[in-house]
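# return a 3D structure for these sequence lines:
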Amino acid sequence: MPRDRQVRRASLSHGPGGGHDLVWHDDFVKNRRLALTVNLSENPFTGGLLQIREARSKRILHEIANTGPGDAVLFRVDPGLEHRITPVTGSISKTALAGWFVSTRGLASAGMKWFPENLASAIALDDSIRPSRGVVFRRLGATTILVNMVSGTYFGLDEIGSRIWELLIAHSKIGNAASEMAREYAVSREVVAKDVLSLVRELEAKQLVKIIRSHTARNGTRSKLPGGVGKIAQPRV
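Residues are numbered from 1 along each chain as shown. Next up is the predicted model:
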């Protein structure tokens, strides 16, 4: 259901008539080793090509349009290589996520965190969620992309995960979202609830949502589920 990537920094850029770094550059700063660009545009655009060339000879090695919604390009950062984004030429804007993978000497400098299972398991159906500060999201066909602009986390959801996310945002309360998913997919609420809670735990671990504890949780009572693993299938037609 989820797909994720971890980048050190991230930013959004827009067109037309502008864009991310129209001049040639190499990005070889702050221990950057790989560059990532993800197309977040909802509609096809013209221009905005990623060009990569040899720094010494100025010979262009690659020219990539990257116009598919949610498509990504990963390329090497090297002082011998330069790249740029050409101007967007049409009337439709280009929206893209740009980030970098950096080299580090240890987990602490990489900013990695551990999320123990015993903490994640405390989430219950009575609780509610809200997007974390700095989180933006966009639906691209059957896929939803979430980006935490503070931590640089990029996270993708497939069609089922996207629907769970929509219901979580609409209902806030986890149990209500699970009930609606059970109705839409004609699956028992207990089975659906396991998948919904699993996704919420992962979103919390990625710092994409904040958990709002319910009144019953503060009073020491929780909605519980029996053991086992659930799996949501495609809805019945």
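# for the spatially most distant residue from the centre of the chain, give its distance to Glu82.
Note on the chain: the largest C-alpha distance from the chain mean falls to Ser57, namely 36.9 Å (Cα atoms, centre = their mean). Distance, Ser57 to Glu82, using Cβ to Cβ, to the nearest Å: 11 Å. C-beta: built from backbone N, CA, C; applies to glycine.
# picking that back up, who's in contact with the residue farthest from the centre of the chain?
Taking Cβ atoms under 8 Å, 6 or more residues apart in numbering as the contact definition, Ser57 lies against nothing.
# do you know the pLDDT at it?
Looking at Ser57, its pLDDT is 93.
# ok so it is a strand residue?
No. Residue state for Ser57 (DSSP: H, G, I helix; E, B strand; the rest coil) corresponds to coil; a strand is not indicated.
# the helices in this structure, which residues?
In the chain, the helices defined using DSSP state H lie at 107-110, 117-120, 159-171, 174-185, 189-205, 215-218.
# quick one, which of the ones you listed gets closest to Gly99.
helix 107-110 (14.0 Å; Cβ to Cβ).
# quick check: mean pLDDT across the closest one?
35.
# now swap in stretch 147-162 and tell me
If you average the pLDDT values across stretch 147-162, you get 86.
# buried residues, that stretch. List them.
For stretch 147-162, a neighbour-count test (16 or more other Cβ atoms under 10 Å) marks 147-148, 151-157, 160-162 as buried.
# in CSV: these, plus distance to Ser172.
Listed next are the buried residues of stretch 147-162 as CSV, based on distance: Cβ to Cβ, whole Å:
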residue, distance to Ser172
Val147, 21
Asn148, 19
Ser151, 22
Gly152, 26
Thr153, 21
Tyr154, 24
Phe155, 19
Gly156, 22
Leu157, 18
Ile160, 20
Gly161, 18
Ser162, 17
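# closest to Val38 out of these?
Using Cβ to Cβ, the buried residues of stretch 147-162 come closest to Val38 at Tyr154, 6.6 Å.
# so the closest one touches Leu40, yeah?
No. The criterion here is Cβ atoms under 8 Å, and Tyr154 misses it with Leu40 at 10.1 Å.
# quick one: common contacting residues for these two?
Common neighbours of Tyr154 and Leu40 (Cβ under 8 Å, 6+ apart) are 97, 145.
# thinking again about what came up before, wait, which of the helices of the chain is closest to Pro44?
Nearest to Pro44, of these and by Cβ to Cβ, is helix 159-171 at 20.9 Å.
# how far out from the middle of the chain is that closest one?
Distance of helix 159-171 from the chain centroid (Cα atoms, centre = their mean, to the nearest Å) equals 14 Å.
# okay, angle between it and helix 189-205 too, please.
Using axes from the mean of the first three to the mean of the last three Cα atoms, to 10 degrees, one finds that helix 159-171 and helix 189-205 are set 80 degrees apart in direction.
# contacting residues around helix 159-171?
Contacts for helix 159-171 (Cβ under 8 Å, 6+ apart): 1-2, 129, 131, 137, 139, 142-144, 146, 157, 174, 176-177, 180-181, 184, 195-196, 199-200, 209, 232, 234.
# center of the chain, which residue is that?
Among the residues of the chain, Phe155 comes closest to the average C-alpha position under Cα atoms, centre = their mean, at 2.3 Å.
# that one reaches Lys206, doesn't it?
Yes. Using Cβ under 8 Å, Phe155 is in contact with Lys206, at 5.7 Å.
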